[in-house]
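Undergrad: here's my sequence, what's the structure:
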Amino acid sequence: MLIGIKPPQILEDFLVSDKELDARRARVQKIGLFRYALVSQVLGPELTAKQRGVLVRELAAKQHLGPDGLMITVSRNTLDRWVRLLRDGGFEALLPATRDIGPRTPPRILEVAVQLKKENPGRTAAQVVRIMRELGLELVPAERTLQRHFADLELHTAHKIAAGPFGRFEAEWANDLWSGDVCHGPTIGGCKTYLFAIIDDHSRKLVAWRWTGKEDAIRSQDALRVAVSTHGIPGGIYLDNGSTYVDGQFTRSLACLGIRLIHSKPGRPQGRGKIERFFRTVRSNFLVEVQVNPPETVDELNRQFTAWVEQVYHQREHSETEQAPEARWLASWENRAASSLPGPKYATAIQLREAFLWSDRRQVTKTGTISFQSNTYEVDATLAGRQIELLYDPFDLSEIQVRYQGRNLGNAILHKTRANVHKKAKTDPAVTPPPTATGIDYLKAVELRNSKSHNPISYIDLIGHSITESNNTEE
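TA: Next comes the predicted model:
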C-alpha cells in the first residue's frame, strides 16, 4: 500500500493483508510438500525402472490425503510430471504457481473493480486498473479481464466518444509544431471552468496548461506565455477559429515571437487531432475522478491536474508513439544535438514583454491628448492630428508607451483617470482571492477606548451592594 495514504473505508476490507499473504505462501508450501512426499518414494537409486513403474501405478490407483484434508487421486501422467520436475529443478520446481491454488483474480478483487465502475460508469477498465494499482491492491487484474467482466455484468461505459478521422501527420522534431485549444470542465464553486492547453505535436508533451473561470484572449495569452517561457519558441501553432484565438492581441503575440499561425478549417478539425485526443484522455482519466471527489476551488483543481500531468500523463507510454511524452520530448532534443541541429530557441525578457503587451491605435487631438478606455492622456504636442500606436499592460493602464511610425516616443502622461484596467481584462472569477483579513475588531476597539476614558459604573456591583445593605437592615 502507498505509504502515508489510508484507503477509503469501502476498500479497506479488500486490501490483501500481510497475514493473508503469509497464509497463501504457507498453502503453496503445503502443496509442494504433498507432491514431494508422493514422488520422492519412487526416486530411490536402488530402484530399477521396472520397479519404479510399478510404484507409480500403485500410487495412481490409491487415494491420498490431500493438502486440503480431502481424499484425492493423482493420475500417473501427473505423477510422472512431478517426478521430472523434482529431478530437474528440485523441490522449488514442485511448488505450484499462484493460478494453481485458486482463481487468478479473487472474487473480492473483482468486487472492488465492479464497485469502482458502478460508482462512476464513465471509468474505463484501464482507469479502474490504474486506481487499484494506485491504492496498492494486490493481484490487480489485467485490463482485458476487467473488460470481459464488465461486459458480462453489462457495465459498459456510459458514453462513447466518437473518434474522428484525424490525420496521421506528425512533426519531425519537438517544437516544430504545437496545438492549442480549450476544454470545458466542471463547475467549481458555482463557476464554470475551462482548461487552456498547448501540446507538442511530435512528443505529445503538454507544454502549458491552466484551468480558469473565463474563456478569453487574456487566458490564452497566459498559456502561450508559460509555454514559450518554459519550452522555447515553436515553429508554428495549430489553433481553431474560436474568438479566443482570432483576437488581434493574441495574433500580435505570435507575430512578435515569429510563430507561424495555422488555423483549422471550420468543420475540419483533423489538424488538431492530437489536442482533441489529449482532451479525451483528460475526460476519461482525470475529469472522471473529479466527478467523484470535486475540488473546492480552481486552485485545488489546478494542483490536482498538474500532479496528474507530471506523474501520470507525461510518464505513461502513449498509444501512438509507444513512448512516454516526457521521454520522447527529451529524446528529440538529444537526437537534434547528435545531428548538430540547434536546441530550443528561447525568447529574451525584452522579447517576452514586447510580445505580450497589448496594442491599440488612437488619433491625437489638436490639444495633444488622446482618450483611451475612458481615461485621458497627454502626448507630445507635435503628434497632434496624427495616429499613434499605444502599447500597454491590460491590467495596468497607468503606463502606456507611445509609438509613431515604429519609433518609440516615450510614455503618455495620465491626465484623467476613470479606469485602471482594460475592460477586457477582467479578473478570473474562479480564482479571485478572498480579501485579506485585517484582524481589526472595530467594536472591540470602541469598547477599549470607552474603558480607558472613564471608570464605568458597574450595575452588577450596585445591585449586589443594595442587597447587602437590605440584609443588614433586616438584622
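
Undergrad: all the strands of the stretch 151-300 of the chain, residue numbers only.
TA: Under the criterion DSSP state E, counting those that start in this stretch, the stretch 151-300 of the chain contains strands at 178-188, 191-200, 206-212, 236-239, 260-263.

Undergrad: so which of those is nearest Val56?
TA: Across the strands of the stretch 151-300 of the chain, Val56 has its closest neighbour in strand 206-212 (64.5 Å, CB to CB). Glycine gets a C-beta too; all of them are placed from N, C-alpha and C.

Undergrad: re the thing from before, now render the strands of the stretch 151-300 of the chain as TSV, adding distance to Arg277, mean pLDDT and mean neighbour count.
TA: Output for the strands of the stretch 151-300 of the chain, formatted as TSV (distance: least, CB to CB, whole Å; pLDDT from 0 to 100; neighbours: other CB atoms under 10 Å):
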stretch	distance to Arg277	mean pLDDT	mean neighbour count
strand 178-188	10	92	20
strand 191-200	9	94	22
strand 206-212	12	94	23
strand 236-239	13	88	22
strand 260-263	18	80	14
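
Undergrad: need these in TSV with distance to Ser398, can you?
TA: Converted to TSV, the strands of the stretch 151-300 of the chain look like this (distance: least, CB to CB, whole Å):
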stretch	distance to Ser398
strand 178-188	31
strand 191-200	28
strand 206-212	25
strand 236-239	32
strand 260-263	31
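
Undergrad: of the ones you listed, which approaches Val226 most closely?
TA: When the strands of the stretch 151-300 of the chain are compared by CB to CB, strand 206-212 sits nearest Val226, at 4.4 Å.

Undergrad: hmm, back to that, quick one, which of the strands of the stretch 151-300 of the chain is nearest to Leu86?
TA: Between these, strand 206-212 lies closest to Leu86; by CB to CB that is 55.6 Å.

Undergrad: for that closest one, packing partners?
TA: Strand 206-212 makes packing contacts with strand 191-200, helix 217-231, helix 298-308 when contacts are defined by 3 or more CB pairs under 8 Å, 6 or more residues apart in numbering; DSSP states H and E.

Undergrad: output the longest one as PDB, nothing but the C-alphas.
TA: This points to helix 217-231. Provided in PDB are the C-alpha atoms of helix 217-231 (Å, rounded to 0.1, in the frame of the first residue of the first chain):
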ATOM      1  CA  ALA A 217      -7.700  36.100 -25.100                       C
ATOM      2  CA  ILE A 218      -6.000  37.000 -21.900                       C
ATOM      3  CA  ARG A 219      -6.100  33.400 -20.600                       C
ATOM      4  CA  SER A 220      -5.000  32.100 -23.900                       C
ATOM      5  CA  GLN A 221      -2.100  34.500 -23.900                       C
ATOM      6  CA  ASP A 222      -1.200  33.400 -20.400                       C
ATOM      7  CA  ALA A 223      -1.000  29.800 -21.500                       C
ATOM      8  CA  LEU A 224       1.200  30.800 -24.500                       C
ATOM      9  CA  ARG A 225       3.500  32.900 -22.300                       C
ATOM     10  CA  VAL A 226       4.100  30.000 -20.000                       C
ATOM     11  CA  ALA A 227       4.700  27.600 -22.900                       C
ATOM     12  CA  VAL A 228       7.200  29.900 -24.600                       C
ATOM     13  CA  SER A 229       9.000  30.800 -21.400                       C
ATOM     14  CA  THR A 230       9.500  27.200 -20.300                       C
ATOM     15  CA  HIS A 231       9.800  25.300 -23.500                       C
END
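
Undergrad: helices or strands next to it in the packing?
TA: Applying 3+ CB pairs under 8 Å, 6+ apart, we find helix 217-231 packed against strand 178-188, strand 191-200, strand 206-212, helix 243-246, helix 248-257, helix 349-355.

Undergrad: using CSV, please lay out those together with distance to Gln51.
TA: CSV is the format used below for those (distance: least, CB to CB, whole Å):
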stretch, distance to Gln51
strand 178-188, 77
strand 191-200, 74
strand 206-212, 72
helix 243-246, 88
helix 248-257, 89
helix 349-355, 90
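
Undergrad: and Ile370, which of the ones you listed is closest to it?
TA: helix 248-257 (18.9 Å).

Undergrad: between strand 178-188 and the closest one, find me the angle.
TA: Going by axes from the mean of the first three to the mean of the last three CA atoms, to 10 degrees, helix 248-257 is angled at 140 degrees with respect to strand 178-188.

Undergrad: tell me which of the helices and strands packed on helix 217-231 lies nearest to Ile131.
TA: Using CB to CB, the nearest of the helices and strands packed on helix 217-231 to Ile131 is strand 178-188, at 18.8 Å.

Undergrad: and the closest one, what does it pack against?
TA: Counting contacts by 3+ CB pairs under 8 Å, 6+ apart, strand 178-188 packs against strand 191-200, helix 217-231, strand 236-239, helix 273-281, helix 298-308.

Undergrad: let's have these in CSV, adding distance to Asp176.
TA: Output for the helices and strands packed on strand 178-188, formatted as CSV (distance: least, CB to CB, whole Å):
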stretch, distance to Asp176
strand 191-200, 9
helix 217-231, 12
strand 236-239, 7
helix 273-281, 13
helix 298-308, 25
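
Undergrad: out of these, which is closest to Glu326?
TA: Among these, the nearest to Glu326 by CB to CB is strand 191-200 (10.7 Å).

Undergrad: shaky segments in the stretch 201-350 of the chain?
TA: Residues of the stretch 201-350 of the chain that meet the criterion pLDDT under 70 lie in 242-246, 264-272.

Undergrad: and Asp380, how many neighbours?
TA: By other CB atoms under 10 Å, 16 other residues sit near Asp380.

Undergrad: correct me if wrong: His422 contacts Trp358.
TA: Yes - at 6.9 Å, His422 counts as touching Trp358 under the criterion of CB atoms under 8 Å.

Undergrad: neighbour-wise, which of these two wins?
TA: Taking neighbours as other CB under 10 Å, His422 and Trp358 compare with Trp358 leading, 22 against 19.

Undergrad: and this structure, what are its domain boundaries?
TA: 9-101, 107-152, 178-336, 357-440, 442-474 (automatic domain parsing).
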